[in-house]
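**Student:** Just need the structure, nothing else, for what follows:
(2 chains)
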Number of protein chains: 2
Amino acid sequence: MRSRDPVALTQALLGGDRRALPRLLSVVEAGGDGAREVGRRVYARGTGAFTVGITGPPGAGKSTLTNQLIGALRQRGVEVAVLAVDPSSPYTGGALLGDRVRMVDHAGDPGVYVRSMATRGHLGGLALAVPEVVRVLDAAGFGRILIETVGVGQSEVEIAGAADTTVVVLTPGAGDAVQANKAGLLEVADVFVINKADHPQVSELERDLAFMMELTSWPDGWRPPVVRSIAVTGTGTIDVLEAISRHEEHLASSGVLDQRRAGRALGELRRVLIARLEQRADAMLDQPGHAGLRDAVVGRQIDPWSAAEAILGQLD
Amino acid sequence: MRSRDPVALTQALLGGDRRALPRLLSVVEAGGDGAREVGRRVYARGTGAFTVGITGPPGAGKSTLTNQLIGALRQRGVEVAVLAVDPSSPYTGGALLGDRVRMVDHAGDPGVYVRSMATRGHLGGLALAVPEVVRVLDAAGFGRILIETVGVGQSEVEIAGAADTTVVVLTPGAGDAVQANKAGLLEVADVFVINKADHPQVSELERDLAFMMELTSWPDGWRPPVVRSIAVTGTGTIDVLEAISRHEEHLASSGVLDQRRAGRALGELRRVLIARLEQRADAMLDQPGHAGLRDAVVGRQIDPWSAAEAILGQLD
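**Tutor:** Numbering: from 1, shown residues only, chains lettered A, B, ... in the order given. From the prediction side, this is the model:
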């Protein structure tokens, strides 16, 4: 498997050889024709693995909890893939994070695969790449796919929210309930985990959270349970897992799972279409014939909206 | 000035009547034809007011510092407009924030105008609306326009970074330097303010910040100064103002001001073009003729990228 050929790598993976994964995912992350080739070949081949998003403010203990969840799932014989999305400056490349090192707990276990994706450049690119990577992990036959992102920006929250079940991890004593609300985390939560539940202000956080939940509506007929955990010791991990399972059963019995997946597929189609149109916009702007229009915008002779209309008029 | 007619309101404003501002800005925020009408009329009429972005993590004291800067600028006879951008869930509408109440210090002063804009729905819409609002404030003749946003997501950081000078406010004891780095705040900073500088861990933050700054390059030939302040008492406000002035002089003498403004104008043209193309994408997706394609994506018969290409093929 030294090949970088997308077709050979995909065939190897679909034939059961997970050693093809690292290289195959590099092809997908690089985008372009290779990624499209892989995408076309794996799209129909997924087994429909259940995906769990794990998000929350920085320092909430998401990676530690993820690690515990892997262990608990492995004990039940479930194979687990983790996609850890690190938003990080292009200047540091995520070197300051280092959370991933903790995942080595499960190194050497062929039933666990951990992939780290760093934010390079636009988050839009990452939002497009994540479902493609998830489909490859799905085609590799993992029973559970965990997607971990820090919940501080709209794009990151959207990535974590694009899972079958989204777990929002909060910690006491950090004003997390208010911050989570501002960040839009309440709207995407299916399960709340109050981590570091041995902290003295735990009931304060639970009260704040209950208050915010009162203000929120739950259109899917599911009110997120609030589960306590202490991820560093493993306390509560089973409770988190059971809350996820109950949500999974609710999704299946209510028909919401199919609705959500259909909605995500159409949402992805829309994002891809927009990304393609953005490329067209850039190509239009770069046309030599539009130099005068660009100068007029810079020189404040024509406003950007009128200039955009002039450029778009040529499409028709 | 009871009219909501964009033309009448714009004429009143350009004639010096700032009482037209609240209604005019509501027209701009509502978007659509009214906003375009106003945009066309004010674009060439700006006086080129200097804009200052003020951003940083939640709780850093941005609003308090902004309030102090208003006071100091007013003492120098400068008229000030403030645009406060509140990212907030569509469910709460920003009601939990309440920072704005502090601005009433300057209520009744006709040389100060404070406008609050809440995030409703997509931040992309806000990123499009902010420069339009700034142009109206510019046309109203304010000498300084302060744009305050919380620096927690890429879109918010972009909004604050789209100013002539961007001030990044951090506080000791909160791991702010690392968080600011992750949020991309270092790249947009022209001036760092260490607020709450009476905190015992102030030198720790300064050391962390100095370390991160070592890893960053400063392409514009300007290394951001680090200024201490205690905004609640007003200590250091003059130092912040002087750091901003020094950056303003650097921008003017180096030619970077014109470069930055030209870059922002072209960036805005690109964003508007993309927004218009997004509208087209939605219209395309909604076409009854594409129902089969949408179903095929949901049913995993065709991947989203291939489907997008099929739809785009019809544009040509």
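
**Student:** and the gap between the closest residue to residue A:254 other than its chain neighbours and residue A:253?
**Tutor:** Excluding its sequence neighbours, the residue lying closest to residue A:254 (CB to CB, 6 or more residues apart in numbering or on different chains) is residue A:221, at 6.2 Å. For glycine as for every other residue, the C-beta is placed from the backbone atoms N, C-alpha and C. Applying CB to CB, to the nearest Å, the value for residue A:221 to residue A:253 is 10 Å.

**Student:** Residue A:237 too?
**Tutor:** Residue A:237 is 25 Å from residue A:253, where distance means CB to CB.

**Student:** who has more neighbours, the two?
**Tutor:** A direct count of neighbours by other CB atoms under 10 Å in any protein chain shown for residue A:237 and residue A:253 places residue A:237 higher, at 22 against 9.

**Student:** Can you tell me, leaving aside adjacent residues, what's nearest to that one?
**Tutor:** residue A:68 (4.2 Å).

**Student:** Show the subsequent helix or strand relative to whatever helix or strand residue A:249 lives in.
**Tutor:** Element membership for residue A:249 (DSSP states H and E) is helix A:237-254. Next helix or strand after helix A:237-254 toward the C-terminus (DSSP H and E): helix A:256-286.

**Student:** Got the confidence number for the residue nearest the centre of chain A?
**Tutor:** Nearest residue to the geometric centre of chain A (CA atoms, centre = their mean): residue A:159, 3.3 Å. The score at residue A:159 is 82. That number is its pLDDT.

**Student:** got it, and residue A:43?
**Tutor:** 89.

**Student:** and it, how many neighbours?
**Tutor:** Neighbours of residue A:43 under the rule other CB under 10 Å: 21.

**Student:** Return the residues in contact with it.
**Tutor:** Residue A:43 makes contact with A:135, B:300, B:302-303 under the criterion CB atoms under 8 Å, 6 or more residues apart in numbering or on different chains.

**Student:** how about 6 Å then?
**Tutor:** Residue A:43 makes contacts with B:300, B:303, as judged by CB atoms under 6 Å, 6 or more residues apart in numbering or on different chains.

**Student:** and if you look at residue A:82?
**Tutor:** By CB under 6 Å, 6+ apart, the contact set of residue A:82 is A:114, A:146.

**Student:** To which secondary structure element is it assigned?
**Tutor:** Taking DSSP H and E as the criterion, residue A:82 maps to strand A:80-86.

**Student:** Can you give the strand pairings for the helix or strand following that strand, parallel or anti for each?
**Tutor:** Next helix or strand after strand A:80-86 toward the C-terminus (DSSP H and E): strand A:112-118. Here strand A:112-118 is paired, per DSSP bridges, with strand A:80-86 (parallel).

**Student:** So for stretch A:280-294, what gets flagged as buried?
**Tutor:** Applying a neighbour-count criterion of 16 or more other CB atoms under 10 Å in any protein chain shown, one finds A:281, A:284-285, A:290, A:293-294 buried in stretch A:280-294.

**Student:** circling back: what's the helix holding residue A:249 in contact with?
**Tutor:** Residues from elsewhere that reach helix A:237-254, judged by CB under 6 Å, 6+ apart: A:52, A:68, A:72, A:165, A:190-191, A:193, A:222, A:225, A:227, A:229, A:257.

**Student:** related to what we said a few turns ago, helix/strand/coil for the residue nearest to residue A:254?
**Tutor:** When classified by DSSP: H, G, I helix; E, B strand; the rest coil, residue A:221 comes out as coil.

**Student:** For it, the count of nearby residues, please.
**Tutor:** By other CB under 10 Å, the residues close to residue A:221 number 8.

**Student:** how about it, phi and psi?
**Tutor:** Backbone geometry at residue A:221, expressed as degrees, to the nearest 10, gives phi 70, psi 20.
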